[in-house]
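>>> sequence? don't have it. structure:
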Ligand code: CTP
Ligand code: ZN
């Protein structure tokens, strides 16, 4: 129990992204724009490969003093379906919800087809239809090409 408390030290204010499938924490950091170049930004804790009854192994990301934008939550839903967003205020979980994907994602993921009009110099925002949520299956609204793997590589 003491060890468990150490691993999950509570935060005062901020967002805890819990139940991230094991191995996806670094992609979540990328989505949040957290990298070594962000320097003196928010305090961020990353737990990787925590034992989880539901997921086997899960990752957890805690970002202090920050609440997420809806666009960031959509991106997290793409690579970590089932993740829980916990908004912590004054040490209490004030809000908790499971990420969910809209039926259409605009301007978040680019098409993997280099010849797709959404990848041309035209001012077109890529649009992806969400065909399946678990596991995520997308389809480009312009060229119909499916996108089902390595979605993190195509995030804008
Ligand atoms: N948490 C935190 N700091 C706080 C409160 C909670 O870091 N002040 C973290 C917990 O460690 C946990 C997550 O936020 O990873 C959700 O907290 P809580 O709802 O208390 O935990 P559970 O009931 O286990 O969550 P769930 O039912 O979603 O699994
Ligand atoms: Zn396309």
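On my side now, so go ahead. The structure displayed is predicted, hence computed values, not measured ones. Ligands and ions are numbered 1, 2, ... in the order given.
>>> Where does pLDDT dip in this protein?
Residues of the chain meeting the criterion pLDDT under 70: 1-7, 36-40.
>>> try it again with 50
Using pLDDT under 50 as the threshold, the predicted model of the chain has low-confidence ranges 1-2.
>>> Strands of that one, residue ranges please.
Using DSSP state E, the strands of the chain run over residues 14-21, 44-52, 56-64, 84-89, 92-98, 104-106, 127-133, 136-140, 146-147.
>>> To ligand 2, which of those strands lies closest?
Shortest distance between ligand 2 and the strands of the chain, using CB to the ion, is found for strand 136-140: 3.1 Å. Placement of C-beta: from N, CA and C, glycine included.
>>> what about the spatially closest residue to residue 152 that is not a sequence neighbour, neighbour count?
With sequence-adjacent residues excluded and distances taken as CB to CB, 6 or more residues apart in numbering, residue 152 is closest to residue 27, at 4.4 Å. Summarising burial for residue 27: neighbours were counted as other CB atoms under 10 Å, giving 21.
>>> Same check on the one 5 residues further on?
A total of 22 residues lie near residue 32 under the criterion other CB under 10 Å.
>>> now do the same end-to-end measure for stretch 121-136.
The first and last residues of stretch 121-136 sit 28 Å apart, counting by CA to CA, to the nearest Å.
>>> again, but for stretch 108-125
With CA to CA as the measure, what separates the two termini of stretch 108-125 is 9 Å.
>>> How far away from the center of its chain is it?
Distance, stretch centre to chain centre, for stretch 108-125: 22 Å (CA atoms, centre = their mean, to the nearest Å).
>>> What of stretch 61-74?
9 Å.
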